[in-house]
Every structure is written in structure tokens, then in C-alpha cells.
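# attaching a predicted model along with its sequence, questions to come.
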Amino acid sequence: MSAVPVPSIADVISRLRANADPANVAGMARYGISGDGTLGVSVPLLRGIERETRAARRADPPAAHALAAALWASGIHEARILASLIDVPVLVTTEQAETWVADLDSWDVCDLLCNNLLCKTPFAYEKAEEWAGAAPEFVKRAGFVVMCALAVHDKAAGNEPFLHFLALVEREAADERTFVKKAVNWALRQIGKRNGYLNAAAVVVGLRLRDSGSRAARWVASDALRELRDERILSRIRG
């Protein structure tokens with residue numbers, strides 16, 4: 001029996017539209033997610049589609065990669081989330097990554113794209129640094145979210161890349177934009193929870209930010225320091 005092929009873009013988009021929920025779109029708007037191109041499809045349903053197509057995508061990675069590209073090009077909010085779930089990291093080029101990140105206009109697609117896909121690419125560390133210094137809000141956020149994902153998932157990495165990331169956190173912490181400063185704070189916390197050495201380094205950075213003249217940097221620091229010095233977190237790191 002031949003394997004079931006990767007579904008067509010038409011079939012996937014049709015399924016997404018069949019599960020659209022305008023009530024969800026209104027709820028998402030309350031969390032700062034634009035309704036433009038948004039269907040209100042739930043993330044569990046998107047993850048279900050990913051699971052259903054997993055075998056076909058493993059059998060034919062180029063077809064999965066092509067489907068992801070078509071889903072992203074559709075401009076549909078949920079289709080772009082699904083693209084991040086089904087694309088093949090080793091087939092993603094730097095040009096594709098740059099294009100997709102430049103297209104970002106919401107924090108949820110940004111975070112899922114970084115955590116599901118971009119952190120798994122061979123150039124994740126390079127792009128995290130590059131994007132952290134970018135001007136556009138969601139490109140910059142992407143840089144710090146990739147840092148977060150690497151801090152959690154790249155168990156084999158040493159401390160040096162994350163010490164460098166802490167320097168970028170300190171450099172960019174004065175950015176007042178909500179979606180940037182939240183990502184900077186997130187990166188500081190995730191790096192500081194990686195191990196005891198990085199926890200101590202992150203606390204030092206946090207203390208400098210707390211005493212800086214920037215309101216945004218002080219917010220980043222005060223929120224992060226509470227978590228990084230929490231005894232439950234320290235106990236888990238020591239364990």
C-alpha cells in the first residue's frame with residue numbers, strides 16, 4: 001500500500017475555513033492579535049493537522065516544505081501557524097527565514113514560528129543575534145524569542161552563546177515597545193534558568209538594568225529578578 005501523500009494546499013485551506021470561528025477572532029483581538037486574515041481556528045486543531053500529516057511529511061520532506069511555503073503565502077493567520085508546525089528545518093533557507101520574519105504582524109505567530117521552526121535551523125544563533133538588533137518590532141521580538149527557545153531546547157550548547165545573548169539583552173532592554181520588552185524579559189529569564197552559572201550572570205545583568213535610567217529596562221529587570229531569585233527556581237537549577 002502506498003503512503004498517503006502530503007495534502008494539497010487547497011485541501012488544507014478548505015479545512016481551516018470549515019473550522020473558522022468568528023467568536024474566537026473577537027477573543028483574540030482582546031489579546032492584541034489582529035483580525036485581518038484571521039479565521040479563529042484553534043491551535044489544538046492546527047496541532048491535530050500536524051499530527052495527521054506527520055507520516056506523509058516524513059516520507060516526502062520536499063512536499064511538506066512546499067506545502068508550508070504555500071500556507072505562509074496564503075496570508076491566513078492560522079495557515080502561517082500551521083506552516084511553522086509542518087515545515088522542515090533543514091530545508092529552510094536564510095532567505096526564507098528573513099522573508100517570513102519580515103512578514104510578522106502578531107506576537108503569537110512570531111512566537112510559534114520561532115519555537116516550532118526557526119530555533120531548529122542551522123543558523124538559529126546567527127539570526128537571533130542579527131534580529132535582536134533590528135528596527136521592526138516583530139523582527140526584533142523574533143530575535144529574542146529564538147534566544148528563549150534555544151535556552152530551553154539546545155541542551156548540548158555551552159554557556160558562551162548565552163552569555164553573548166545576555167549582552168544583547170542588556171543592550172536592547174531600553175526598548176519601550178511592549179512586544180519587544182516582553183521578549184527581552186523572557187530571554188533574560190529563560191537564559192537565567194538554564195543553569196547556576198547563567199543564573200548568576202543573568203542576575204548581575206538584571207541588577208544593572210534595575211539601576212539604569214531606562215523605565216523599560218527597569219521593568220525588564222524587576223520582573224525577571226523576582227523569578228531568577230525565587231528559591232523554587234534556584235532549587236530546580238541546583239537539582
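Yep, it's here.
# contacts only, for His77.
By CB atoms under 8 Å, 6 or more residues apart in numbering, His77 lies in contact with Ile33, Ser34, Asp36, Gly37, Thr38, Leu39, Ser106, Val109. Where you see a C-beta, it was placed from the backbone N, CA and C, and this is true even at glycine.
# need the per-residue pLDDT for it.
His77 is assigned a pLDDT of 95 by the prediction.
# what of Ser2?
According to the model, Ser2 scores 48 on pLDDT.
# what does Ala18 give?
Ala18 carries a pLDDT score of 96 in this model.
# cool, the one 4 residues further on as well?
Pro22 is assigned 89 on the pLDDT scale.
# okay, now it: neighbour count?
11 (other CB atoms under 10 Å).
# ok, it to Gly40 distance?
6 Å (CB to CB, to the nearest Å).
# how much distance is there from the longest helix anywhere in the chain to the middle of the chain?
Assignment by DSSP state H gives helix 137-153 as the longest helix of the chain. Helix 137-153 sits 6 Å away from the centroid of its parent chain (CA atoms, centre = their mean, to the nearest Å).
# now swap in stretch 209-216 and tell me
26 Å.
# other residues contacting that stretch?
Under CB under 8 Å, 6+ apart, the answer for stretch 209-216 is Glu170, Ala173, Ala174, Asp175, Glu176, Lys181, Ala217, Arg218, Val220, Ala221, Ser222, Leu225.
# need the helix or strand of this structure with the lowest average pLDDT.
Lowest on mean pLDDT, DSSP states H and E among the helices and strands of the chain sits helix 22-29, with a mean of 83.
# of all the residues in that helix, which ones are buried?
Asn24, Val25, Met28 (16 or more other CB atoms under 10 Å).
# for Cys110, see how far away the last one is.
Pointing back at Met28 there. 14 Å.
# what's the domain layout of this protein?
1-91, 104-239 (automatic domain parsing).
# return the most buried member of the ones you listed.
domain 104-239 (a mean of 19; mean count of other CB atoms under 10 Å).
# before we move on, back to that, mind checking how far the least confident helix or strand of the chain is from the chain centre?
With CA atoms, centre = their mean as the basis, the mean position of helix 22-29 lies at 22 Å from the chain mean.
# and the contacts of that helix?
So helix 22-29 is contacted by Gly35, Thr38, Leu39, Gly40, Val41, Ser42, Asp108 (CB under 8 Å, 6+ apart).
# looking at the contacts of His77, which are in strands?
Among the contacts of His77, none falls in strands (DSSP state E).
# quick check, nearest of those to Asn185?
For those, the closest approach to Asn185 (CB to CB) belongs to Ser106, at 18.7 Å.
# now, which of the contacts of His77 sits nearest His164?
Nearest to His164 among those, counting by CB to CB, is Val109 at 26.7 Å.
# quick one: contacts for the residue lying closest to that closest one once chain neighbours are set aside?
Excluding the flanking residues, the one nearest Val109 by CB to CB, 6 or more residues apart in numbering is Arg80, at 5.3 Å. Contact partners of Arg80, counting by CB under 8 Å, 6+ apart, are Leu71, Trp72, Ser74, Asp103, Val109, Leu113.
# quick one: contacts for the first one?
When contacts are counted by CB under 8 Å, 6+ apart, Leu71 is found next to Ile9, Val12, Ile13, Ala79, Arg80, Leu82, Ala83, Ile86.
# output the below-cut-off pLDDT ranges for this protein.
Judged by pLDDT under 70, the chain has its weakly predicted residues at 1-3, 35.
# redo the contacts of stretch 209-216 as TSV? Include secondary structure.
Shown next, in TSV, are the contacts of stretch 209-216 (DSSP: H, G, I helix; E, B strand; the rest coil):
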residue	secondary structure
Glu170	helix
Ala173	coil
Ala174	coil
Asp175	coil
Glu176	coil
Lys181	helix
Ala217	helix
Arg218	helix
Val220	helix
Ala221	helix
Ser222	helix
Leu225	helix
